[in-house]
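**Q** Here's my sequence, what's the structure:
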Amino acid sequence: MIGFLATAATTARPPSSESTQQAVGYPSLFLLVVLGSLVPVVPTGAIVSGAAVVAFHQTDPFALLGVFCVASLAALIGDVGLYLLGLRGVRSRGGSRWLRRLQERADERTLATAQRRLEEHGAAVLVLSRLVPAGRIPVMVACLLAEMPLRKFVRGDVFACLAWAATYQLIGILGGSLFPEPWQGVALAVALTFAIAAAPALLRHARS
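**A** Next up, the predicted model:
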């Protein structure tokens, strides 16, 4: 991601320079998305959108496909890693700090809703949880408390990560198509992703 954001601050560069930036950008994107999946404070949606903007302005026709594949795989690996850590806590008598932290991030009302949807729709609810802001952790906790087998979780999460990467990449493409300079598109894409993430909290505050 560092390479992608560095490119956003400049105009288009020769293909050789783009190749160098991709060699740095793709691993950075991968690591940041994995980290953001394990530690749900990193704005992974904004990272993917920003990377998509920069890829949109590159001459490489496969740059956007690269961002999509890297983001999807990284999100899946991060989710599976976090689920394994939580599952270990569920099966342990004393629990684990990972499970406790996940439960702390899911309030009782949201968790109850996630459990009800999990009972009604099964692993398919994972797709929606990835697309709804702040919906991933409550659904994951619901899956953990139901002791969903890892294989079943992975099957559902594959489609969830693909849909998530495609959605935030489309936001990036939109930002990239509206402005001639990459940094302008990155700014818009990041602003949109943060606005989407903040929307549920603002709605709850308005209702209260």
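**Q** For the rest of this, base every contact and every neighbour count on C-alpha atoms.
**A** OK.
**Q** Next up, the contacts around Phe153.
**A** 123, 143 (Cα atoms under 8 Å, 6 or more residues apart in numbering).
**Q** hmm, 10 Å instead?
**A** Phe153 is in contact with 79-80, 83, 122-124, 126, 140, 143-144, 147, counting by Cα atoms under 10 Å, 6 or more residues apart in numbering.
**Q** And for Gln115?
**A** Gln115 touches 109, 121-122, 125, 138-143, 145-146, counting by Cα under 10 Å, 6+ apart.
**Q** In ChimeraX, select just the buried ones from these.
**A** Per 16 or more other Cα atoms under 10 Å, the buried members of these correspond to this ChimeraX selection:
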select :122,125,138,139,140,141,142,143,145
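**Q** closest to Ser37 among the contacts of Gln115?
**A** Checking the contacts of Gln115 against Ser37 with Cα to Cα, the nearest one is Met140 at 11.6 Å.
**Q** those helices in this protein, which residues are they?
**A** 2-8, 15-38, 44-56, 63-91, 97-104, 108-121, 125-131, 136-145, 150-178, 182-207 (DSSP state H).
**Q** which residues sit against the fifth one?
**A** What it means is helix 97-104. Contacts to helix 97-104, defined as Cα under 10 Å, 6+ apart, come from residues 38-40, 82-90, 111, 137-138, 140-142, 144-145.
**Q** cutoff 7 Å now
**A** For helix 97-104, contacts defined as Cα atoms under 7 Å, 6 or more residues apart in numbering pick out 85-86, 89, 137, 141.
**Q** Please indicate which of those are buried?
**A** Using 16+ other Cα under 10 Å as the burial test, these include 85-86, 89, 137, 141 as buried.
**Q** In the contacts of helix 97-104, find the pair that's most separated.
**A** Using Cα to Cα, the pair of those lying farthest apart is Gly89 and Ile137, separated by 15.2 Å.
**Q** which ones are touching Val33?
**A** Neighbours of Val33 in contact, by Cα under 7 Å, 6+ apart: 44, 71, 74-75.
**Q** do Ala75 as well
**A** 33-34, 37, 161.
**Q** Switch the residues you listed over to CSV; also include distance to Phe179 and pLDDT.
**A** Converted to CSV, the contacts of Ala75 look like this (distance: Cα to Cα, whole Å; pLDDT from 0 to 100):
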residue, distance to Phe179, pLDDT
Val33, 26, 95
Val34, 29, 95
Ser37, 30, 90
Cys161, 28, 96
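**Q** Counting neighbours, which of these comes out on top?
**A** Val33 (29 neighbours; other Cα atoms under 10 Å).
**Q** nearest to Val186, of the contacts of Ala75?
**A** Val33 (16.9 Å).
**Q** how about stretch 168-186: buried residues?
**A** Applying a neighbour-count criterion of 16+ other Cα under 10 Å, one finds 168-176, 181-186 buried in stretch 168-186.
**Q** Between the two ends of that stretch, how far is it?
**A** Taking Cα to Cα, to the nearest Å, stretch 168-186 runs 12 Å from one end to the other.
**Q** Figure out how far that stretch is from the centre of its chain.
**A** Mean C-alpha position of stretch 168-186 versus that of the full chain (Cα atoms, centre = their mean, to the nearest Å) differs by 18 Å.
**Q** I'm done for today, thanks for sticking with me.
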